[in-house]
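Undergrad: coordinates only, sequence not included:
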């Protein structure tokens, strides 16, 4: 199904003084296609986007029809088809070069310091680890002994890791909780690559519902 063929057409001009109106697709039309679909986790299929993929390729591989790329966007609430999906490696590197001049500059540019806290709970021979990730915003800490702010020693690109240590607490019921904290310097390059990778895991609506979605979209836009 051609997605934009379902939309109404309107007359539009760039210069009202010339009355040179063109017939264009009304891309501002909005409809809510089966809202319950987005809340039903049972109908989704997890998919990892490969570097060779785009929405049309994914739609062809899974739905057998590249024109169903809009279902890929709908399932993942994609607004910007370019930046809301993972960029191909070459495109990502080109964007980094445009922003920082070169990949080397991006790798040498400190973007942020990330704190990783791993909390491991052990009880009855079974262990479970939960990781917490946050960025460090403050560069000073308060020294209660001197009643003054003191600069924090942060990791750098040259020395990217500071281990803040490990603490272990044993509770009366035998539960042992160990907390390991680490500060890691993250370059602009590493940050942008990580952000891109975070978009790689998407979800696809089960192929058996594809025809129903197309019918619903056509019905709503024609009403």
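TA: That came through, no problem. Computed from a predicted model, the values in this text were never measured in an experiment. Numbers count the residues shown, from 1 in each chain.

Undergrad: residues contacting residue 168?
TA: Residue 168 sits next to 176-179 when contact means C-beta atoms under 8 Å, 6 or more residues apart in numbering. The C-beta positions use only the backbone N, C-alpha and C, and glycine is treated the same way.

Undergrad: cutoff 10 Å now
TA: Counting by C-beta atoms under 10 Å, 6 or more residues apart in numbering, residue 168 touches 120, 122, 176-180.

Undergrad: how about the strands of the chain, start to end?
TA: With DSSP state E applied, the chain shows strands at 9-12, 22-25, 44-48, 110-123, 126-135, 140-143, 148-151, 161-170, 176-187, 201-205, listed in chain order.

Undergrad: please identify the deepest-packed of those strands.
TA: When you average the neighbours per residue for each of the strands of the chain (mean count of other C-beta atoms under 10 Å), strand 201-205 leads with a mean of 19.

Undergrad: related to what we said a few turns ago, now the strands of the chain as TSV including mean pLDDT and distance to residue 86?
TA: Below are the strands of the chain laid out as TSV (pLDDT from 0 to 100; distance: least, C-beta to C-beta, whole Å):
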stretch	mean pLDDT	distance to residue 86
strand 9-12	78	33
strand 22-25	79	27
strand 44-48	92	10
strand 110-123	96	19
strand 126-135	96	20
strand 140-143	86	37
strand 148-151	90	38
strand 161-170	96	27
strand 176-187	97	19
strand 201-205	94	9
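
Undergrad: could I get those as a markdown table with distance to residue 65?
TA: Shown next, in a markdown table, are these (distance: least, C-beta to C-beta, whole Å):
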| stretch | distance to residue 65 |
| --- | --- |
| strand 9-12 | 24 |
| strand 22-25 | 20 |
| strand 44-48 | 16 |
| strand 110-123 | 40 |
| strand 126-135 | 39 |
| strand 140-143 | 58 |
| strand 148-151 | 59 |
| strand 161-170 | 48 |
| strand 176-187 | 41 |
| strand 201-205 | 13 |
